[in-house]
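In: Fold the following, please.
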Amino acid sequence: MSLNSTIPAVGGQEPGDADAIFVLWRTESLSAGLVVSGRLLPELTPESPAVQDFLARWPGSFASRRGAQGWELLLFQPSSRRERWWLHSVLLLATLFSTFVAGSLLAGRTPIFFRALALFDGWWIPIPIALDAGALLAGVPFGLALVGLLALHEAGHYFTARHHRISVTPPFFVPFPPYLSIIGTLGAFIRLRSPVISRRTLLDVAVAGPLVSFLASLPLLYWGLLHSRVVAVVHALPGSYLLHFAGERFWLGGSLALSGLARLVLGFSAADQVLVLHPIAFAGWLGLFVTALNLLPISQLDGGHILYAAFGSHQRPLAWLFFLALIPLGLLWAGWWVWAVLVYVVGRGRIEHPPLFDAERGLTRGRGALSLVAGVVFLLCFVPVPFRF
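Out: Here you go, the predicted structure:
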């Protein structure tokens, strides 16, 4: 760490440039990158031409705030890294394959044949011995639809982060054995290498993914509903939305978006009908469900980021309220308890959002409206009881 040290000549900056805008500054080299913090000259503000010119040539992210002694700037320049494209590609291909298999099982086909390998005391493990390419091909539409939705969600985060000069990884797709899951994946995620240091930037990055996945899910759901089957029933059943997978039946909960679109497209009435979902309709349902999960306003989820961006430090009691609400929801579907534990562990025991450098400056009117839109999307996508078996 150094005080009033020269900022490195990178990204168009020249040594000594800091003297033109800072009265005092310091640099700190971390493994993640270079941090520069300083106080502007008394006659300058973040909107001053000299400051704007400096920031335009800065190669990383930045934020400003008004301190007790004047305007302060915090700048971050991430360390240069080589992307492990081979790893991202392998994970993507593996996820495509596992979702193709899941899609084939949803279509009523058997893509992989197994042989039992005996172990001991009656235990055995399945060993794949043959692949039916024709049956696998039947699962391609579902796999492409689901992985496409996951990719679009992460792309929303990725390109918005890049727009704000935040260093971010390409998406990591997570495959999962389709015989242990009806979708063949645990989703996808990206990692931010740069800290998000202002509430406005936090809102932009957090809201982009869910809004993109929500909008992309609707046409898939619409097409899938057109190819789904409505069946009349004469006695009560566990649910209104039925899914077949590997010879088993699964009942899905209906969000406001699904229920409204099913009524609009098919005239579907849940009172005396069952809707047997096409695999593409299920992919659209998953897109809405994943959007709702990410928009839960707690911890480090997208919804937690949005809540903090909108309310600042006042979000803490709201975050705890939503987190504690998962406990009674778990009585309806135990998966909410699992999700609560995962959120708690990933957040390292922290339910509220950690503070940011620029925490006092609120959102613009447009961004405030965007946070409200995210809340409406959450209500449209949320399902209290997603699955019944």
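In: can you pull out the strands in the stretch 51-200 of the chain?
Out: For the stretch 51-200 of the chain, the strands defined by DSSP state E, counting those that start in this stretch cover 61-67, 70-78, 112-118, 124-131, 172-175, 185-189.
In: out of those, deepest packed?
Out: Comparing the strands of the stretch 51-200 of the chain by mean neighbour count (mean count of other CB atoms under 10 Å), strand 70-78 comes out on top with a mean of 22. (Glycine included, C-beta is placed from N, CA and C.)
In: Now do it: distance to the chain's middle.
Out: 27 Å (CA atoms, centre = their mean, to the nearest Å).
In: Check which helices and strands it sits against.
Out: Where contact means 3 or more CB pairs under 8 Å, 6 or more residues apart in numbering; DSSP states H and E, strand 70-78 is packed against strand 33-40, strand 61-67.
In: residues in contact with the first one?
Out: The contact list for strand 33-40, computed with CB atoms under 8 Å, 6 or more residues apart in numbering, reads 7-8, 18, 21-29, 46, 48, 51, 60, 67, 69-79, 167, 193-194.
In: The same query, at a cut-off of 6 Å, please.
Out: Contact with strand 33-40 is made by 7, 21-28, 70-79, as judged by CB atoms under 6 Å, 6 or more residues apart in numbering.
In: Same question for stretch 287-299.
Out: 149, 210, 213-214, 217, 255, 257, 301-304, 307, 319, 322-323, 343, 347, 351, 378, 381-382.
In: Quick one: buried ones out of the residues you listed?
Out: 149, 210, 213-214, 217, 255, 257, 301-304, 307, 319, 322-323, 343, 347, 351, 378, 381-382 (16 or more other CB atoms under 10 Å).
In: Who does the nearest residue to residue 91 once chain neighbours are set aside form a beta bridge with?
Out: Distance criterion CB to CB, 6 or more residues apart in numbering; nearest residue to residue 91, sequence neighbours excluded, is residue 173 at 4.6 Å. For residue 173, the beta-bridge partners under DSSP bridges are residue 188.
In: Burial check on residue 29, number of neighbours?
Out: 13 (other CB atoms under 10 Å).
In: any idea how far it lies from residue 195?
Out: Plainly put, residue 29 is 15 Å away from residue 195 if you go by CB to CB, to the nearest Å.
In: before we move on, back to that, Throw the strands of the stretch 51-200 of the chain into TSV and include mean pLDDT and distance to residue 85, thanks.
Out: As requested, these are exported to TSV (pLDDT from 0 to 100; distance: least, CB to CB, whole Å):
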stretch	mean pLDDT	distance to residue 85
strand 61-67	88	23
strand 70-78	90	18
strand 112-118	82	28
strand 124-131	81	27
strand 172-175	96	12
strand 185-189	94	15
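In: export these to CSV and tack on distance to residue 143?
Out: Output for these, formatted as CSV (distance: least, CB to CB, whole Å):
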stretch, distance to residue 143
strand 61-67, 35
strand 70-78, 34
strand 112-118, 14
strand 124-131, 15
strand 172-175, 11
strand 185-189, 9
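In: Ok, which of the ones you listed comes nearest residue 274?
Out: Residue 274 lies closest to strand 185-189 among the strands of the stretch 51-200 of the chain, at 26.9 Å (CB to CB).
In: Does anything pack onto that closest one? Which helices or strands?
Out: strand 172-175 (3 or more CB pairs under 6 Å, 6 or more residues apart in numbering; DSSP states H and E).
In: Grab the CA positions of the strand it packs on and hand them over as CSV.
Out: Output in CSV follows, covering the C-alpha atoms of strand 172-175 (Å, rounded to 0.1, in the frame of the first residue of the first chain):
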residue,chain,number,x,y,z
PHE,A,172,-20.0,-22.3,-15.6
PHE,A,173,-22.7,-24.9,-16.5
VAL,A,174,-23.3,-27.6,-14.0
PRO,A,175,-24.3,-31.0,-15.4
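In: who touches that strand?
Out: Contact partners of strand 172-175, identified using CB under 6 Å, 6+ apart, comprise 91-92, 94-95, 98, 185-189.
In: In the protein, where is pLDDT below threshold?
Out: 1-16, 234, 236 (pLDDT under 70).
In: which stretches of it form helices?
Out: 49-56, 85-106, 133-137, 140-163, 199-226, 256-266, 279-294, 302-311, 315-332, 335-346, 365-381 (DSSP state H).
In: And the third one, what's buried?
Out: It refers to helix 133-137. 135-136.
In: For that helix, what is the distance to the chain centroid?
Out: 30 Å.
In: who does it touch, helix- and strand-wise?
Out: For helix 133-137, the packing partners by 3+ CB pairs under 6 Å, 6+ apart are helix 85-106.
In: got the buried residues for the helix it packs on?
Out: For helix 85-106, by 16+ other CB under 10 Å, it's 91-92, 94-106.
In: What is the nearest of those to residue 243?
Out: residue 106 (7.2 Å).
In: Would you mind measuring from that closest one to residue 159?
Out: From residue 106 to residue 159 the distance is 31 Å (CB to CB).
In: same check, this time on residue 272
Out: With distances taken as CB to CB, residue 272 is found 46 Å from residue 159.
In: same thing with residue 295?
Out: 19 Å.
In: Settle it for me: which of these two has more neighbours?
Out: Ranked by neighbour count (other CB under 10 Å), residue 295 and residue 159 place residue 295 first, with 28 against 13.
In: how close does the more buried one sit to residue 214?
Out: For residue 295, the distance to residue 214 - CB to CB - is 9 Å.
In: Equivalent analysis for residue 332, please.
Out: 23 Å.
In: Understood, closing this out.
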